[in-house]
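**Q** give me a model of this one.
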Amino acid sequence: MNGLIFAAGIGSRLKPWTDFHPKALVEVGNKPMLQRVIENMKKAGIENIIINIHHMADQIVDFVKSNDSFGINISFSDERDSLLDTGGAIVKASRLINNNDPVMIHNADIYTDLDLTTLIAAHNQSKADATLLTSRRESSRQLLADNDGYLCGWINHSTGETIPEHIDNSEALHQVSFNGIHIINQSVLEWLCKKAPGKAFPIIPQYIAMSRELRISTVIPRYDYTWVDIGKPASLEMARKIAQEL
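**A** Numbers count the residues shown, from 1 in each chain. I've put the predicted structure just below:
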């Protein structure tokens with residue numbers, strides 16, 4: 001399996017630290033977040049990883065090289081000219097993949113102790129084209145899934161907006177929150193490269209669009225695990241306290 005780490009973000013909510021550093025290198029438990037994600041992927045058997053870079057890109061490249069690429073094959077998808085959002089980032093990074101293996105995509109700002117092999121096993125067992133890690137946590141924006149866990153749509157609780165626009169948001173559909181880790185097959189990459197609009201675009205609307213043709217599965221692990229999006233100061237401090245207790 002291949003890996004793709006989203007590390008291009010500007011991290012505006014973590015200013016002033018991110019005025020001088022990339023968000024992916026913020027430390028939790030005296031270890032940069034990027035290192036944590038790389039090591040978790042490596043532990044799950046992933047030895048070919050692509051990292052997309054934009055903000056303070058040189059610092060990320062230097063960090064990886066100074067650690068001898070953590071003993072695996074790491075390459076960089078360079079977005080210094082223009083950020084491509086999550087969907088566009090996947091399309092550009094796909095050009096660096098030279099095999100037909102699935103790709104695990106992981107946001108660099110997700111602090112978790114989830115055993116990634118459980119997500120890989122769920123993906124392989126379901127034979128889905130894409131598998132999205134989800135949870136029941138509260139969020140203003142949530143995915144809508146059917147009783148079998150397959151993606152049907154999306155809802156913004158703050159605005160009432162839905163995708164598709166007239167989806168029946170009844171009790172028959174389950175509301176789950178996306179947790180920033182997903183696995184996609186080559187069928188998804190091919191769909192994105194052919195049908196994605198423009199160069200910069202978010203991935204979630206594309207998942208919903210392709211769900212009419214492909215199997216997009218949402219998965220909630222059956223055991224408890226730590227999960228924190230460290231993109232805000234308060235949640236970053238929460239992750240640091242958790243790390244100190246381990």
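**Q** any idea which helix or strand comes after the top strand by length along the chain?
**A** The single longest strand within the chain, with elements called by DSSP state E, is strand 174-184. Going down the chain from strand 174-184, the next helix or strand is helix 186-195, by DSSP states H and E.
**Q** give me the secondary structure label for Ser207.
**A** Residue 207: Tyr, not Ser. In the three-state summary, Tyr207 is assigned as helix, counting by DSSP: H, G, I helix; E, B strand; the rest coil.
**Q** what's the burial count for it?
**A** Number of residues near Tyr207 (other CB atoms under 10 Å) recorded here: 26. Quick note: C-beta positions are derived from backbone N, CA and C, even for glycine.
**Q** show me where this protein has strands.
**A** 2-6, 48-53, 73-78, 103-107, 110-112, 130-135, 141-145, 151-156, 162-163, 174-184, 216-219, 227-229.
**Q** same list (the ones you listed) but as TSV, adding mean neighbour count, mean pLDDT and distance to Asp62.
**A** Shown next, in TSV, are those (neighbours: other CB atoms under 10 Å; pLDDT from 0 to 100; distance: least, CB to CB, whole Å):
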stretch	mean neighbour count	mean pLDDT	distance to Asp62
strand 2-6	25	98	16
strand 48-53	24	98	11
strand 73-78	17	98	11
strand 103-107	24	98	21
strand 110-112	22	98	23
strand 130-135	25	98	30
strand 141-145	21	95	35
strand 151-156	20	93	38
strand 162-163	16	89	40
strand 174-184	22	96	25
strand 216-219	25	98	35
strand 227-229	18	97	26
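**Q** in JSON lines, list those strands along with distance to Met210.
**A** As requested, the strands of the chain are exported to JSON lines (distance: least, CB to CB, whole Å):
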{"stretch": "strand 2-6", "distance to Met210": "18"}
{"stretch": "strand 48-53", "distance to Met210": "21"}
{"stretch": "strand 73-78", "distance to Met210": "21"}
{"stretch": "strand 103-107", "distance to Met210": "15"}
{"stretch": "strand 110-112", "distance to Met210": "23"}
{"stretch": "strand 130-135", "distance to Met210": "8"}
{"stretch": "strand 141-145", "distance to Met210": "14"}
{"stretch": "strand 151-156", "distance to Met210": "9"}
{"stretch": "strand 162-163", "distance to Met210": "12"}
{"stretch": "strand 174-184", "distance to Met210": "10"}
{"stretch": "strand 216-219", "distance to Met210": "7"}
{"stretch": "strand 227-229", "distance to Met210": "25"}
